[in-house]
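S.K.: structure for the following, please:
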Amino acid sequence: MSRRLLVVRLDSMGDVLVSGPAIRAVAAAADHLTLLTGPLGQAAGRLLPGVDEVLVWACPWIANPAPSVSPAEIADLVERLAGLGLDEAVILTSFHQSPLPTALLLRLAGVRRIVASSEDYPGSLLDLRLPVAEDGPEPERMLATVRAAGYELPPGDQGKLAVRLPAPPDGCLAEPESCYLVVHPGTTAAARAYPAPLWAETVRQLCVAGWQVLVTGSESERELTAGIVAAAHAGLPTALAAKALDLAGQLELAELARLLAGASAVLVANTGPAHLAAAVGTPVVSLFSPVVPATRWAPYGVPVALLGDQDAACRGSRRTTCPVPGHPCLSGVDPATVVAAVIRIVRQQTTAPALAVTG
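M.R.: Below is the predicted model of the structure:
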């Protein structure tokens, strides 16, 4: 008899990617695995090994900005879940999220067994209540949750992040012949952003050093990336201007993953593409604001150069806008420091995880 399982992670791209090892462990015990995720996580979910189907729902207690609670949409979701004939559901959440509202909907959909970590008394909403682990890298936390529920990675799976890469397109600009770096300056939260003028100077210095620099971003970030590339070009000799290219808005997530896989290193703040780079095995220079802890959210399983003041006043605040005038945790990182970190990390010969902390 076919065993149909569900994993729930209702957040965005990075949250889904770091849940990949846990999802593979559940998938190893399933004949069919469905992932329930939010609109911002669906593209990443479709790249994850082990996922057979992605169900998308904008959750009112997870999404930001939060949609209103619609009885019709709730009823539609319950009906869709009921139609899947699920044997078990595993709800994955960050430590500050409750799985219980989701568990209620799953219970209404007739899911036979529901598993989640919860600090709160679950009553009849959970069949297995697991403790909430607050420390350690997020991929390990998620994997520990499903292991406590009896799911293990298949033999040979080392528990790193992973995605299914598409075949490279013919003649694509994203497949340059020479070595290149990827710079992804955009973030979903201003408190995590490296200032645009500093990105521009970083790109300029990298081009002067001889690197091909590809600047990436979403369609909504095209103004940001265009400004960064234009400012970098303004400080470059004409002969070097072609070394900084703006690819924002041109790549689907799968194409971005392939681009990151071919890069010598990726320069990025704490945002989804940092985890996508880790999933394809590329070293990361991480401009990391300490509003959330790097011990939990730094790119996992690849060499990482962590830049930024991890003891700044904003530490652990989980703020989306910087609470400290001048954004000192990242504005204090000189572009020359970023370039030096790139040179060091590219020269590394090891593929083992590494976390180099630089102020």
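
S.K.: show me the contacts for residue 58.
M.R.: 38-39, 67 (Cβ atoms under 8 Å, 6 or more residues apart in numbering). In short, each C-beta sits where N, CA and C put it, glycine included.

S.K.: can you check the distance spanned by stretch 179-196, start to finish?
M.R.: End-to-end distance for stretch 179-196: 24 Å, by Cα to Cα, to the nearest Å.

S.K.: of the contacts of residue 58, select the buried ones using a PyMOL command.
M.R.: The following PyMOL line selects those of these that are buried, judged by 16 or more other Cβ atoms under 10 Å:
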select buried, resi 38
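
S.K.: which one of the contacts of residue 58 is nearest to residue 191?
M.R.: residue 38 (20.7 Å; Cβ to Cβ).

S.K.: ok, the contacts of residue 58 vs residue 131, which is closest?
M.R.: Nearest member of the contacts of residue 58 to residue 131, counting by Cβ to Cβ, is residue 38, at 25.1 Å.

S.K.: you'd agree that closest one is up against residue 13?
M.R.: No. Contact criterion Cβ atoms under 8 Å: residue 38 and residue 13 do not qualify, at 9.6 Å.

S.K.: strands of the chain, start to end?
M.R.: Using DSSP state E, the strands of the chain run over 4-9, 32-37, 53-56, 88-91, 114-117, 128-130, 180-184, 212-215, 244-246, 265-269, 284-287, 303-307, 354-358.

S.K.: from the middle of its chain, how far away would the first one be?
M.R.: Meaning strand 4-9. 19 Å (Cα atoms, centre = their mean, to the nearest Å).

S.K.: kindly report the same for stretch 236-244.
M.R.: Worked out by Cα atoms, centre = their mean, stretch 236-244 lies 31 Å from the chain centre.

S.K.: one more: stretch 46-58?
M.R.: 15 Å.

S.K.: quick one: end-to-end length of it, please.
M.R.: Span of stretch 46-58 from end to end, Cα to Cα: 17 Å.

S.K.: quick check: mean pLDDT of that stretch?
M.R.: Model confidence over stretch 46-58, given as mean pLDDT, is 97.

S.K.: with stretch 289-297 instead?
M.R.: 92.

S.K.: the residue nearest to residue 261 when sequence neighbours are not counted and residue 206: what is the separation?
M.R.: Among residues not flanking residue 261 along the chain, residue 280 sits closest, at 3.8 Å (Cβ to Cβ, 6 or more residues apart in numbering). For residue 280, the distance to residue 206 equals 20 Å [Cβ to Cβ, to the nearest Å].

S.K.: these two: who's more crowded?
M.R.: Higher neighbour count among residue 280 and residue 206: residue 206, with 24 against 21, using other Cβ atoms under 10 Å.

S.K.: report the contact partners of the residue nearest to residue 261.
M.R.: Residue 280 sits next to 163, 165, 257-258, 260-261 when contact means Cβ under 8 Å, 6+ apart.

S.K.: okay, now residue 211: neighbour count?
M.R.: 23.

S.K.: who's the closest spatial neighbour of it, skipping the chain neighbours?
M.R.: Per Cβ to Cβ, 6+ apart, closest to residue 211 is residue 181, 5.1 Å.

S.K.: which of the contacts of residue 280 are buried?
M.R.: 163, 257-258, 260-261.

S.K.: just those residues now: which is nearest residue 339?
M.R.: residue 260 (19.3 Å).

S.K.: hang on, the earlier thing: in helices, which of the contacts of residue 58 appear?
M.R.: Among the contacts of residue 58, no member falls in helices (criterion: DSSP state H).

S.K.: pLDDT and distance to residue 286 added to the contacts of residue 58, as JSON lines?
M.R.: Output for those, formatted as JSON lines (pLDDT from 0 to 100; distance: Cβ to Cβ, whole Å):
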{"residue": "38", "pLDDT": "96", "distance to residue 286": "24"}
{"residue": "39", "pLDDT": "96", "distance to residue 286": "25"}
{"residue": "67", "pLDDT": "91", "distance to residue 286": "31"}
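
S.K.: number of residues surrounding the closest residue in space to residue 23 that isn't next to it in sequence?
M.R.: Ranked by Cβ to Cβ, 6+ apart and with sequence neighbours excluded, the top spatial neighbour of residue 23 is residue 7, at 5.2 Å. Using other Cβ under 10 Å, residue 7 has 31 neighbouring residues.

S.K.: roughly how far apart are residue 156 and residue 28?
M.R.: 11 Å.

S.K.: same check, this time on residue 295
M.R.: Counting by Cβ to Cβ, the gap from residue 295 to residue 28 is 28 Å.

S.K.: higher neighbour count, those two?
M.R.: residue 28 (16 against 12).

S.K.: hmm, residue 256 is touching residue 273, no?
M.R.: Yes. When contacts are counted by Cβ under 8 Å, residue 256 is listed as touching residue 273 (6.8 Å).

S.K.: rewinding a little: please flag which of the buried ones among the contacts of residue 280 sit within helices.
M.R.: Short answer: the buried ones among the contacts of residue 280 in helices (DSSP H) are 257-258, 260-261.

S.K.: nearest to residue 267 among those?
M.R.: residue 260 (11.1 Å).

S.K.: neighbours of the residue lying closest to that closest one once chain neighbours are set aside, how many?
M.R.: The spatial neighbour of residue 260 that comes closest, neighbours along the chain excluded (Cβ to Cβ, 6+ apart), is residue 277 at 4.7 Å. Neighbourhood size, residue 277 [other Cβ under 10 Å]: 31.
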